[in-house]
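Peer 1: Structure for this input, please:
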Amino acid sequence: MEVKALARKFMFNSLKLDDPNPAWSPDQVREFFATTYPDLTNAEIEGPEIKDGEAIFAIRRQVGTKG
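Peer 2: Down below sits the predicted model:
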């Protein structure tokens, strides 16, 4: 029996972002990409959903009210 780790992908809007470091937690990955995509600063991570041999995490912006 062979054990194979699933590759992680992070979806933000229509972008499919590769995992920068498999040892990082999903929150650390979100913080890494927030330097390029500021909307990720307060985003939520959902998942993973296993699809086509990959663990897909959805990163969704939080929608709220100001004030």
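Peer 1: Helices of the protein, start to end?
Peer 2: Counting by DSSP state H, residue ranges of the helices within the chain are 26-34.
Peer 1: How many residues are close by the closest residue to residue 37 other than its chain neighbours?
Peer 2: Excluding the flanking residues, the one nearest residue 37 by C-beta to C-beta, 6 or more residues apart in numbering is residue 12, at 6.4 Å. The C-beta positions use only the backbone N, C-alpha and C, and glycine is treated the same way. When counting by other C-beta atoms under 10 Å, one arrives at 19 neighbours for residue 12.
Peer 1: Same check on the one 3 residues further on?
Peer 2: Residues within reach of residue 15, counting by other C-beta under 10 Å, total 10.
Peer 1: can you check residue 28 too?
Peer 2: Neighbours around residue 28, by other C-beta under 10 Å: 12.
Peer 1: Repeat that for the one 5 residues further on.
Peer 2: Using other C-beta under 10 Å, residue 33 has 20 other residues around it.
Peer 1: my guess is it contacts residue 41, does it?
Peer 2: No - applying C-beta atoms under 8 Å, one finds residue 33 not in contact with residue 41, separated by 10.0 Å.
Peer 1: What distance do you get for the residue nearest the centre of the chain to residue 1?
Peer 2: Centroid check for the chain by C-alpha atoms, centre = their mean gives residue 10 as the closest residue, at 3.4 Å. Note on residue 10: its distance to residue 1, by C-beta to C-beta, to the nearest Å, is 29 Å.
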